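>>> Quick one, what's the 3D model for this:
(one chain, ligands or ions: 1)
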Amino acid sequence: MEQEVIMVDQARDWWKQAVVYQVYPRSFRDADGDGLGDIRGVTTEMDYLECLGIDAIWLSPFYPSELADGGYDVIDYRDVDPRLGTLADFDDMVAAAHARGIKVIVDIVPNHTSNRHRFFQAALAAGPGSPERDRYIFRPGRGEHGELPPNGWKSVFGGSAWERVEDGEWYLHLFAKEQPDLNWKHPDVHEEFKTTLRFWSDRGVDGFRIDVAHALAKDLESRPLDELDQDPRQGEGNVSNPLWDRPEVHDIYREWRRVFNEYEPPRFAVAEAWVTPEHQRFYASPDELGQVFNFEFAKADWFAGDFRRAIEEGLSCAELSGSTSTWVLSNHDVPRHATRYGLPQVKATVHHQFVTDWLLRDGRTYVEDRELGTRRARAALLMEMGLPGSVYIYQGEELGLFEVADIPWDRLEDPQARRTAHGDAIKGRDGCRVPLPWSASDTPEPAAWNDAFGEGMTGSFGFSAPQAGMSRADASAAPHLPQPRWFADHAVDVEADDPASMLSFYRRVLDLRAHLLTATGDTSFSWVPGEELGPTPDQVIAYRRPAAGGKTFTCIVNFGAQAVPAPEGELLMASDDLSFGCIPQDCAAWFLA
Ligand code: NOJ
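Numbering: from 1, shown residues only. Now for the predicted structure:
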């Protein structure tokens, strides 16, 4: 596959090749010692982020929220949750980021609000048939007294997608019942979000991540609701799907593009859209959001074929949309990849079920080979960072964190976490959302540890460590999710001084990528011909790119047992030691010629 050469204008289109670091604010750094990460915590660690070598941070929601879904239930889109700080703290954070050349992306959640949002409160107060109610999707129920939901749709988090209110009507919620879906046919909804986009853009925000971007437009009118009893599937690319990926959704994003273009440089957005690769490109087109998440890496198991397909699809979608691709190994919704790659790999679709199963049993069903997971995570980083396009890294992956599979059930926060008698138990996503370890020395007395977690401890691995002038007693609240004792091995202060650590590896890789690849503005790409790759080319991912100084860059990742011969040129870096000049299994290397 040869890609058409697209030169990126780095100043205007900085996001097309950016390394974006995802901050999950409640778990990044707690500056006020209440056990919950906050905006000042992000500002405090701006030097850390600069030193890592990222181009931008994306903050998951920090808005006022009841935390029914980790902040994705927004009460007010234009404010900061008081537990996380103030708008002034936000402005300080943006200033601190910009002073270091780091851009800021915020999360927009337009499919649903919190049930505490003023629109929903007004809808409840105004009653059936009112214009206020029409901002959401209310319907009468079925059955003699309307006691049955309008149809059998299930919410993504399980249970009915309909909730009944006191006056008897039902409202639609594709996620938790505290997240009522908005009616995007209502003009007030359009105005609310255009005002929100301008509000943050005026405060200096550089871009937006759009939550569930493929769900906003719905068609509940063309056919009677009870004829639509089947659960419409996400990402099937079918225009008769009443809920997901409807063509009208693109009118909304064309409207938003006009808002983005009011600014200089124009704002951009990246869509979270679980749609077919053929449809992703519409969201990413230049007259809509600009970029779309390609989640194929996050879904791929440790097989060369899975990654090859993911790369082919990502690049062809980018080419069709006139944008660049995105690469994602982990985020706040999936188990951490150092763990995924350390579990037994099962071909294709069953793997997801396999990991879920492992999580459910507190990580005891299968052996998690952490050494192997780490080795592959390092190789995966080289594979990802050499590619053209943007890379989204998730907080903690630079520390090589594993999934915390054994958080006790009674400490889980995720609405997905449920245990039922019907065999659909799910442990949810908290295992990748545990507060980060900053300092190995900030630990409890050993006697305070229970089996795996530091319950009742006085320290939090520096997550809530007191800032200058703050006493230990002011910073004594336990982190909102318990940290396992093995976090001590991954604390920032341990890894920062260790040249062999994952953190040091990330810093070197990001630095090389910026100078060698991004700086050229050239996004072209070609596969290395199979005959150069030894006896098992199908077990290898190998590609070339133009590099700074007119040189050629080559990345080789070996998934197979047969060592792969190194190509001509200088070895720039490798994820592990090469053996006799060859790239061994589960190892990747970068070369320059
Ligand atoms: C996608 C977000 O990434 C996820 O965390 C959230 O639960 C759903 N959208 C609903 O907002």
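>>> hmm, which helix or strand of the chain has the shakiest average pLDDT?
helix 350-360 (a mean of 74; mean pLDDT, DSSP states H and E).
>>> helices or strands up against that one?
Using 3 or more Cβ pairs under 8 Å, 6 or more residues apart in numbering; DSSP states H and E, no helix or strand is in contact with helix 350-360. All C-beta atoms are positioned from the backbone trio N, CA, C, and that covers glycine.
>>> Quick one: residues in contact with that helix.
299, 301, 335, 339-340, 343-346, 365-366, 368, 403, 405, 425-427, 431 (Cβ atoms under 8 Å, 6 or more residues apart in numbering).
>>> let's see it at 10 Å
Under the contact criterion Cβ atoms under 10 Å, 6 or more residues apart in numbering, helix 350-360 has outside partners 299-303, 306, 334-335, 339-340, 343-346, 364-368, 403-407, 417, 419, 425-431.
>>> mind listing what the nearest residue to Gln539 once chain neighbours are set aside touches?
Leaving aside its chain neighbours, Gln539 sits nearest to Gly560 (2.7 Å; criterion: Cβ to Cβ, 6 or more residues apart in numbering). With contact set as Cβ under 10 Å, 6+ apart, Gly560 has these partners: 303-304, 533-540, 584-586.
>>> Go again with 7 Å.
Applying Cβ atoms under 7 Å, 6 or more residues apart in numbering to Gly560 gives the contacts Thr536, Gln539, Val540, Gln585.
>>> Filter the contacts of helix 350-360 down to just the buried residues.
300-303, 306, 334-335, 339-340, 343, 345, 368, 403-407, 417, 425-431 (16 or more other Cβ atoms under 10 Å).
>>> Show me the contact partners of the helix or strand hosting Ala88.
For Ala88, the enclosing helix or strand under DSSP states H and E is helix 87-99. Residues from elsewhere that reach helix 87-99 (Cβ under 7 Å, 6+ apart): Ile39, Arg40, Val42, Thr43, Met46, Ile57, Asp79, Val80, Val104, Arg203, Gly204, Val205.
>>> Helix, strand, or coil at the last one?
It stands for Val205. Following DSSP: H, G, I helix; E, B strand; the rest coil, Val205 is assigned to coil.
>>> That one contacts Val104, correct?
Yes - if you go by Cβ atoms under 7 Å, Val205 and Val104 touch, sitting 5.3 Å apart.
>>> Name the residue in these two with the higher neighbour count.
Between Val205 and Val104, counting by other Cβ atoms under 10 Å, Val104 is the more crowded of the two (23 against 19).
>>> Surely that one is in a strand?
Yes - according to three-state DSSP, Val104 belongs to a strand.
>>> measure it to Tyr21 for me?
In this view, Val104 and Tyr21 are 11 Å apart by Cβ to Cβ, to the nearest Å.
>>> got the residues of the stretch 151-300 of the chain near the ligand?
Within the stretch 151-300 of the chain, the residues that sit near the ligand (Cβ under 6 Å from any ligand atom) are Phe175, Asp211, Val212, Glu272.
>>> Now the third one: closest residue in space, sequence neighbours ignored.
The shortest distance from Val212 to any non-neighbouring residue, by Cβ to Cβ, 6+ apart, is to Asn111 (4.4 Å).
>>> That neighbour - how many residues pack around it?
23.
>>> could you list every residue that touches it?
By Cβ under 7 Å, 6+ apart, the neighbours of Asn111 are Leu174, Asp181, Leu182, Asp211, Val212, Ala215, Leu216.
>>> looking at those residues, which has the most residues close by?
Counting by other Cβ under 10 Å, top hit in those: Leu182 with 27 neighbours.
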